[in-house]
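Colleague: next one to model:
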Amino acid sequence: MTKVREETDFESVLQSNVRTQQADRLMLIANALALILLLIALRTVSSGDLFNSVLVAIAFAIVMLARRLNRRGQVDASVTLVLVTLTLVVSLSMWCSQGLYSGAILAFPALLVVAGTVATRPLFLALLGGMLGVVALISFTAITGLKVYQPAPMGPGRLLVVSCILIVSALAISLLMRDLRSARLLLQQEMRRLHSSEAKLTHLAHHDPLTDLPNRQAIAALVQGAIERARGQGRQLALLFVDIDNFKTINDSLGHAAGDELLQEVARRLKQAVRGADTVSRQGGDEFIMTLPDLDGQDTAIAVARRMQEIVSQPILLRDMQLVTSLSIGMALFPRDGDDFAALMRKAELAMQRAKSTGRNSYCLFDEQMNVDTHERLGIEQDLRQALARSEFALHFQPIRDLACNKLVGAEALLRWQHPERGLLGPDLFIGVAEQSGLITEIGEWVLNEACREAARWQSDGAAGLAVSVNLSTVQLHRGNLEAIIAQALKAAALMPALLELELTESMLLEKSESFIQRLKSLKQLGVKLSIDDFGTGYSNLSYLQRFQVDKLKIDKSFVTNLSSNEQNRAIVTAIIQMAHSLKLKTTAEGIEHQVVQTILKSLGCNFGQGYLFAKPMPADDFLRYAQGAAR
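Modeller: Model (predicted):
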């Protein structure tokens with residue numbers, strides 16, 4: 001509706017401009033006619049030609065009336081009045097005097113020229129028809145002898161009339177020529193504007209509007225052309241897939257406008273890092289593609305990747321803040337890794353993902369093992385989607401003992417997948433895929449329910465007081481109804497909340513959002529215990545241990561395994577235990593495999609331990625028998 005209204009308004013303005021121009025022309029012609037009619041009137045009066053004097057007077061009066069109508073905005077009426085009246089006056093003058101010998105006949109083409117300038121098409125055609133009719137009528141009367149016309153001798157009067165008619169014709173023709181010139185200029189301007197618009201549209205279709213870099217559509221054609229040239233010359237080509245590390249964090253914390261400024265600055269720096277023959281394009285989001293043609297080998301591509309990382313890692317001043325960012329870069333080479341754009345893109349992206357997973361701010365060349373890993377991951381994801389429905393998951397339990405008295409105090413629930421083709425799989429092979437695909441929420445809910453159900457069975461079957469530990473993933477922790485799921489699992493199993501221990505990683509506790517803090521408080525209000533898994537391997541921080549009311553620290557097995565022979569590990573474990581005691585926290589050591597390690601941990605004051613020294617993880621029924629035996 002708005003578009004139609006705008007078009008209607010534009011047409012109205014255009015019509016108003018045309019009418020204004022028409023009125024100006026009519027006024028100019030009317031003034032010229034008035035002057036010419038006065039000159040002709042002087043001639044007819046001086047010669048005693050009363051009839052023509054009356055006709056000229058009538059014509060003059062009509063012209064003056066038309067001028068008034070024109071000033072009032074009645075343009076069409078004014079045009080019609082003048083042209084019809086003058087046509088009639090000329091026709092009467094010819095009929096009553098010399099017929100077709102009269103110089104007044106020259107007024108007919110002059111009036112048609114004027115009509116073509118200011119009149120409508122119907123009025124123009126009507127005037128033409130009337131004039132042809134007058135000419136035919138006079139000719140008929142002369143041929144049949146009904147009326148005889150004689151040419152008057154040449155004189156000053158004929159000269160004046162003809163000259164005046166020529167002047168009016170010339171004026172009208174000059175106006176037409178001016179309009180034609182204006183129309184031609186307008187047309188030329190419109191053509192230039194159209195060509196400029198087409199050029200802009202073509203540029204926008206092939207360039208990213210934010211960074212003005214070529215977009216994916218453009219780079220695809222450029223890369224394919226470069227591949228053909230490299231194939232013909234026997235040279236190599238590198239495709240680099242570039243991703244800005246931690247861009248989402250910057251974008252979310254500072255806003256999208258700041259994120260756009262960062263992208264523009266990174267794009268500018270990337271262009272500085274390449275040669276003239278190289279091409280930088282924006283793939284979308286925080287991803288860029290770079291093409292390096294005419295290479296001898298991969299060393300040049302690696303050098304460019306390092307240079308890009310060096311340039312981009314320089315501090316960026318953004319909204320009065322100094323930011324430092326980095327790049328993860330994946331590289332694929334033609335012809336080694338593929339012979340078309342799609343293949344090189346896919347493999348460069350796989351290499352970038354590998355670079356990101358190794359700690360960011362790094363580069364990685366594609367190798368075929370990445371393809372194998374990708375296919376394997378896709379296969380695992382598809383099988384995972386069926387695993388719950390087919391009851392292929394199982395929990396194994398690893399005992400946890402009190403080191404002071406060697407008493408069994410609980411067990412950690414460890415997930416296993418009985419794959420129909422690959423056999424029993426540990427979590428290292430599928431938990432990462434489950435987290436990336438989002439399936440971890442359903443799997444985690446099953447683990448909680450099953451662990452609570454088994455722990456409740458221990459209480460009723462001769463192993464009372466044993467607690468169960470369950471690992472939580474980051475995805476689960478951010479799920480909106482985690483508290484409700486845990487409460488329901490406890491209720492369904494009739495398990496005391498104090499017998500459920502939730503294990504978190506250190507990286508989870510770095511988050512400082514109010515919703516996250518409230519979630520941990522809600523979990524504590526349920527009565528469950530919280531422990532930090534693999535403590536010492538992440539961002540160890542004393543403040544969050546008190547803030548989140550953590551109950552226990554689990555010392556990572558990487559510090560425990562070689563405790564008897566590695567002084568540095570012993571110092572770390574000693575510090576962790578002493579810190580925990582000062583904060584009134586319990587400690588559990590993972591990965592105890594030798595008696596000497598247990599003895600050292602006991603002497604250092606570690607509270608609990610688990611590892612192969614006591615028992616390997618075992619199925620639920622086996623653990624129940626193990627626990628029943630320990631209780632006797």
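
Colleague: can you give me the distance of the residue located most distally from the centre of the chain to residue 98?
Modeller: What lies farthest from the middle of the chain is residue 145; by Cα atoms, centre = their mean that is 88.4 Å. Per Cβ to Cβ, to the nearest Å, residue 145 is found 16 Å from residue 98. Using the backbone N, CA and C atoms, a C-beta is placed for each residue, glycine as well.

Colleague: any regions of the stretch 501-632 of the chain where pLDDT drops low?
Modeller: 507, 509-514, 536-548, 632 (pLDDT under 70).

Colleague: can you do 90?
Modeller: Low-confidence segments of the stretch 501-632 of the chain (pLDDT under 90): 504-524, 532-550, 556-559, 561-569, 572, 576, 579-580, 582-584, 629-632.

Colleague: can you show me the helices along it?
Modeller: 514-526, 542-547, 557-560, 567-582, 595-604, 620-631 (DSSP state H, counting those that start in this stretch).

Colleague: thinking again about what came up before, measure the residue farthest from the centre of the chain to residue 135 for me?
Modeller: 18 Å.

Colleague: repeat that for residue 405.
Modeller: 134 Å.

Colleague: same question, residue 64
Modeller: 29 Å.

Colleague: could you do residue 366 as well?
Modeller: Taking Cβ to Cβ, one finds residue 366 at 91 Å from residue 135.

Colleague: which one of the two has more residues nearby?
Modeller: residue 366 (25 against 16; other Cβ atoms under 10 Å).

Colleague: packing partners for the helix or strand harbouring residue 66?
Modeller: Here residue 66, judged by DSSP states H and E, is contained in helix 50-71. Under the contact definition 3 or more Cβ pairs under 8 Å, 6 or more residues apart in numbering; DSSP states H and E, helix 50-71 sits against helix 2-46, helix 75-96.

Colleague: quick check: buried residues in that helix?
Modeller: 52-53, 55-56, 58-60, 62-63, 65-67, 69-70 (16 or more other Cβ atoms under 10 Å).

Colleague: give me the angle between it and helix 75-96.
Modeller: 170 degrees (axes from the mean of the first three to the mean of the last three Cα atoms, to 10 degrees).

Colleague: can you give me how far helix 50-71 is from the chain middle?
Modeller: In this view, helix 50-71 has its centroid 70 Å away from the chain centroid, taken as Cα atoms, centre = their mean, to the nearest Å.

Colleague: put the alpha carbons of it into PDB.
Modeller: Provided in PDB are the C-alpha atoms of helix 50-71 (Å, rounded to 0.1, in the frame of the first residue of the first chain):
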ATOM      1  CA  LEU A  50     -13.000  46.900 -41.600                       C
ATOM      2  CA  PHE A  51     -13.800  43.200 -41.700                       C
ATOM      3  CA  ASN A  52     -10.300  42.000 -41.000                       C
ATOM      4  CA  SER A  53      -9.900  44.700 -38.400                       C
ATOM      5  CA  VAL A  54     -13.000  43.300 -36.500                       C
ATOM      6  CA  LEU A  55     -11.600  39.700 -36.800                       C
ATOM      7  CA  VAL A  56      -8.200  40.800 -35.500                       C
ATOM      8  CA  ALA A  57      -9.900  42.600 -32.600                       C
ATOM      9  CA  ILE A  58     -11.900  39.500 -31.700                       C
ATOM     10  CA  ALA A  59      -8.700  37.400 -31.900                       C
ATOM     11  CA  PHE A  60      -6.900  39.900 -29.700                       C
ATOM     12  CA  ALA A  61      -9.700  39.900 -27.100                       C
ATOM     13  CA  ILE A  62      -9.700  36.100 -27.100                       C
ATOM     14  CA  VAL A  63      -5.900  36.000 -26.600                       C
ATOM     15  CA  MET A  64      -6.200  38.400 -23.600                       C
ATOM     16  CA  LEU A  65      -9.000  36.300 -22.100                       C
ATOM     17  CA  ALA A  66      -6.900  33.200 -22.600                       C
ATOM     18  CA  ARG A  67      -4.000  34.800 -20.700                       C
ATOM     19  CA  ARG A  68      -6.300  35.500 -17.800                       C
ATOM     20  CA  LEU A  69      -7.600  31.900 -17.800                       C
ATOM     21  CA  ASN A  70      -4.000  30.600 -17.900                       C
ATOM     22  CA  ARG A  71      -3.000  32.700 -14.900                       C
END
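
Colleague: contact partners for the nearest residue to residue 408 once chain neighbours are set aside?
Modeller: Closest residue to residue 408 apart from its sequence neighbours, by Cβ to Cβ, 6 or more residues apart in numbering: residue 630 at 4.2 Å. Residues in contact with residue 630 (Cβ atoms under 8 Å, 6 or more residues apart in numbering) are 399, 407-408, 463.

Colleague: export the residues you listed to JSON lines and tack on distance to residue 600 and secondary structure?
Modeller: Formatted as JSON lines, these follow (distance: Cβ to Cβ, whole Å; DSSP: H, G, I helix; E, B strand; the rest coil):
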{"residue": "399", "distance to residue 600": "20", "secondary structure": "strand"}
{"residue": "407", "distance to residue 600": "19", "secondary structure": "strand"}
{"residue": "408", "distance to residue 600": "21", "secondary structure": "strand"}
{"residue": "463", "distance to residue 600": "29", "secondary structure": "coil"}
